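Engineer: what follows is a predicted protein model with its sequence.
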Amino acid sequence: MMAGFDDALGVIGLSAGYGGRTIVHPLDLAPVAPGQVVSLIGPNAAGKTTLLRALAGLHPAQGSVRLGDRDLLRLPLADHARFVTYMPQSLPQRVALTVLETVVSALRASPVDGAIGSDQAILARAMEVIDRVGIGALAMTGLDHLSGGQRQLASLAQALARGPRILLLDEPISALDLHYQLRVMKLVRELAAERGMIALMVLHDLSIAARWSDRILVFAEGRLVADGPPAQAITPDILASVYRVAADISGPPDRLHIDLRDILDD
Ligand SMILES: Nc1ncnc2c1ncn2[C@@H]1O[C@H](COP(=O)(O)OP(=O)(O)OP(=O)(O)O)[C@@H](O)[C@H]1O
């Protein structure tokens with residue numbers, strides 16, 4: 001079933017922290033429509049991972065995260081996880097499992113329309129996802145035998161297999177070579193369009209974020225400081241105030257060229 005606009009993601013007054021320390025200050029987001037690809041950028045320690053984990057229901061938070069008329073934060077975690085999948089920055093090395101087994105276990109944990117499907121159907125779906133990510137040759141390899149980049153791809157296959165409405169990716173291309181960086185960004189866009197999936201990913205490479213995102217959220221010190229199409233959100237002024245760098249930005253809106261000239265003194 002194709003998701004309608006009623007299935008937009010909305011965030012109202014979302015805040016989160018550790019102990020008494022607020023890391024994500026109350027955040028409101030204009031709705032994100034199904035099929036949109038959004039990148040969350042910002043300096044180290046801005047609170048990006050904390051925000052993603054709060055959206056996924058994996059970190060305690062106040063406020064509400066709406067998908068259509070549901071408030072996801074009010075759902076039991078198992079129900080929340082039917083709608084939202086979070087891919088962490090690093091996949092634990094579960095020594096006993098192969099790539100195929102991790103993807104199969106993700107599929108078994110995520111019944112489609114209430115049905116788990118036959119073993120044969122699950123295997124076929126798992127291999128399809130693994131092939132689309134580009135690691136078909138590694139299907140029978142143990143996670144503990146993979147390189148860092150290969151493990152990141154296996155983690156992505158596992159997240160995609162769950163078929164979420166909202167996919168949260170924490171630096172999904174940080175360990176990947178150029179071929180796989182491009183492959184993953186194209187795949188996320190394709191799946192967003194095919195399934196009406198909302199993708200929200202943390203990226204540090206602003207040129208890639210600008211090239212592949214419909215919308216950019218710039219996050220600094222736990223607050224949203226810019227939100228819009230890439231060419232509106234990534235500007236020399238924003239880069240100066242958020243990252244303390246002097247940069248020239250040129251090129252068409254979806255192919256921004258960012259020339260980092262220098263760091264700015266504190
Ligand atoms: N488990 C924790 N306990 C206490 N403070 C934490 C914990 N995890 C993160 N923090 C703090 O929360 C702040 C935000 O961290 P977070 O990982 O969300 O930032 P980030 O924007 O994802 O950073 P990066 O780009 O470096 O990955 C940091 O100051 C960090 O020290």
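Structural biologist: Yep, it's here. Numbers count the residues shown, from 1 in each chain.

Engineer: for the rest of this, base every contact and every neighbour count on C-alpha atoms.
Structural biologist: Noted.

Engineer: contacting residues around stretch 181-196?
Structural biologist: With contacts defined as C-alpha atoms under 8 Å, 6 or more residues apart in numbering, stretch 181-196 is touched by 2-3, 34-37, 132-133, 165, 173, 197-199, 212.

Engineer: which of the residues in that stretch are buried?
Structural biologist: For stretch 181-196, the neighbour count (16 or more other C-alpha atoms under 10 Å) marks 183-185, 188-189, 191-192, 195-196 as buried.

Engineer: in a markdown table: the residues you listed, plus pLDDT and secondary structure.
Structural biologist: Formatted as a markdown table, the buried residues of stretch 181-196 follow (pLDDT from 0 to 100; DSSP: H, G, I helix; E, B strand; the rest coil):
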| residue | pLDDT | secondary structure |
| --- | --- | --- |
| Arg183 | 95 | helix |
| Val184 | 95 | helix |
| Met185 | 97 | helix |
| Val188 | 97 | helix |
| Arg189 | 97 | helix |
| Leu191 | 95 | helix |
| Ala192 | 97 | helix |
| Arg195 | 92 | helix |
| Gly196 | 95 | coil |
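
Engineer: out of these, who's nearest Glu101?
Structural biologist: The nearest member of the buried residues of stretch 181-196 to Glu101, counting by C-alpha to C-alpha, is Val184 at 21.0 Å.

Engineer: who does the residue nearest to Met140 when sequence neighbours are not counted form a beta bridge with?
Structural biologist: Sequence neighbours aside, Thr98 is the residue nearest to Met140 in space, at 5.4 Å (criterion: C-alpha to C-alpha, 6 or more residues apart in numbering). Applying DSSP bridges to Thr98 yields these beta-bridge partners: Gly142.

Engineer: show the contacting residues for Thr98.
Structural biologist: 139-143.

Engineer: quick revisit: among the contacts of stretch 181-196, name the buried ones.
Structural biologist: Buried, going by 16+ other C-alpha under 10 Å: 34-37, 133, 165, 173, 197-199, 212, out of the contacts of stretch 181-196.

Engineer: rewinding a little: nearest to Arg108 among the contacts of stretch 181-196?
Structural biologist: Nearest member of the contacts of stretch 181-196 to Arg108, counting by C-alpha to C-alpha, is Arg165, at 17.2 Å.

Engineer: hmm, back to that, ranking the contacts of Thr98 by neighbours, who comes first?
Structural biologist: Among these, Leu143 has the most neighbours (other C-alpha atoms under 10 Å), with 26 neighbours.
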